[in-house]
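Asker: Quick one, what's the 3D model for this:
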Amino acid sequence: MTPEYWITPAVFLLDTLFSLYIFALVLRFLFQWSGADYQNPLSRFLIRITHPPLKVLRRFIPSVGRIDSATLVLTLGLQILGGFLIFLVKGASPSFAALTVWAVAQLLELVLNIYFYAIIIRALLSWIGPTSYNPAIALLYNLTDPLLSASRRLLPSSSGIDLSPIIPLIGIQLAKMLLLPPLQQLAALLT
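Answerer: Residues are numbered from 1 along each chain as shown. Modelled structure (predicted):
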């Protein structure tokens with residue numbers, strides 16, 4: 001077997017491991033920023049798995065208001081490190097500037113995707129109308145309430161139909177179209 005045979009599985013494994021932990025960090029940050037309940041079992045799980053490195057970083061990087069700076073720095077650092085290792089396995093060596101721009105684009109896309117799918121899931125749940133308490137649904141509501149409440153002021157419900165998810169979904173798609181391509185092109189130019 002040739003060395004190229006091992007590249008795809010190695011990239012997959014690196015990408016999966018880094019992506020899962022980065023996803024947990026981003027969710028922790030977004031839940032904290034949106035004021036989600038820390039007693040929620042899912043919140044406690046995210047805190048438990050992300051706390052060890054953040055405990056060390058918080059000694060040096062203070063929070064700024066409601067923004068957990070240590071989580072942002074750790075997330076960006078892990079995204080850069082993961083990208084560096086993936087590019088290294090593929091035989092490329094991009095500059096630190098290219099990796100940083102690439103990492104910012106990846107994290108921005110992740111945040112936009114989280115909000116996009118969270119709003120769609122919430123809209124679908126509003127049709128079903130779950131009657132019992134579910135910790136995941138409670139966090140989903142905490143995460144999406146700021147966007148949807150602002151949207152409801154602009155587009156109130158009509159005849160019992162809540163059209164408020166339309167505005168944030170359109171805004172998210174526009175943000176993806178307007179923000180991500182320039183960042184990706186800049187990363188490619190710096191490479």
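
Asker: residues near Thr144, how many?
Answerer: 22 (other CB atoms under 10 Å). Every C-beta, even on glycine, is put in place using the N, C-alpha and C of the backbone.

Asker: cool, and Leu125?
Answerer: Neighbour count of Leu125, defined by other CB under 10 Å: 14.

Asker: Chain neighbours aside, what residue packs nearest to it?
Answerer: Sequence neighbours aside, Ile137 is the residue nearest to Leu125 in space, at 6.5 Å (criterion: CB to CB, 6 or more residues apart in numbering).

Asker: SS state for the one you found?
Answerer: Here Ile137 is helix, with the state taken from DSSP: H, G, I helix; E, B strand; the rest coil.

Asker: Ok, Arg59 next?
Answerer: Arg59 ends up coil, using three-state DSSP.

Asker: just checking, the residue nearest to Leu125 touches Ser126?
Answerer: No - shown here, Ile137 and Ser126 do not form a contact pair, counting by CB atoms under 8 Å, at 10.7 Å.

Asker: Check which helix or strand the closest residue to Ala136 other than its chain neighbours maps to.
Answerer: Leaving out its chain neighbours, the residue that sits closest to Ala136 by CB to CB, 6+ apart is Leu42, at 6.0 Å. Element membership of Leu42 [criterion: DSSP states H and E] is helix 41-57.

Asker: With only the CA atoms kept, save the following helix or strand past that helix in CSV.
Answerer: Next along the chain after helix 41-57, taking DSSP H and E as the criterion, comes helix 69-89. Provided in CSV are the C-alpha atoms of helix 69-89 (Å, rounded to 0.1, in the frame of the first residue of the first chain):
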residue,chain,number,x,y,z
SER,A,69,-12.7,35.3,25.5
ALA,A,70,-10.9,32.2,26.7
THR,A,71,-13.4,30.0,24.8
LEU,A,72,-13.0,32.1,21.7
VAL,A,73,-9.2,31.9,21.8
LEU,A,74,-9.2,28.1,22.5
THR,A,75,-11.7,27.5,19.7
LEU,A,76,-9.7,29.6,17.2
GLY,A,77,-6.4,28.0,18.3
LEU,A,78,-7.8,24.5,17.9
GLN,A,79,-9.2,25.3,14.5
ILE,A,80,-5.8,26.6,13.4
LEU,A,81,-4.0,23.6,14.9
GLY,A,82,-6.5,21.2,13.3
GLY,A,83,-6.2,22.9,9.9
PHE,A,84,-2.4,22.9,10.2
LEU,A,85,-2.3,19.1,10.9
ILE,A,86,-4.8,18.4,8.1
PHE,A,87,-2.8,20.5,5.6
LEU,A,88,0.4,18.9,6.8
VAL,A,89,-0.9,15.4,6.3
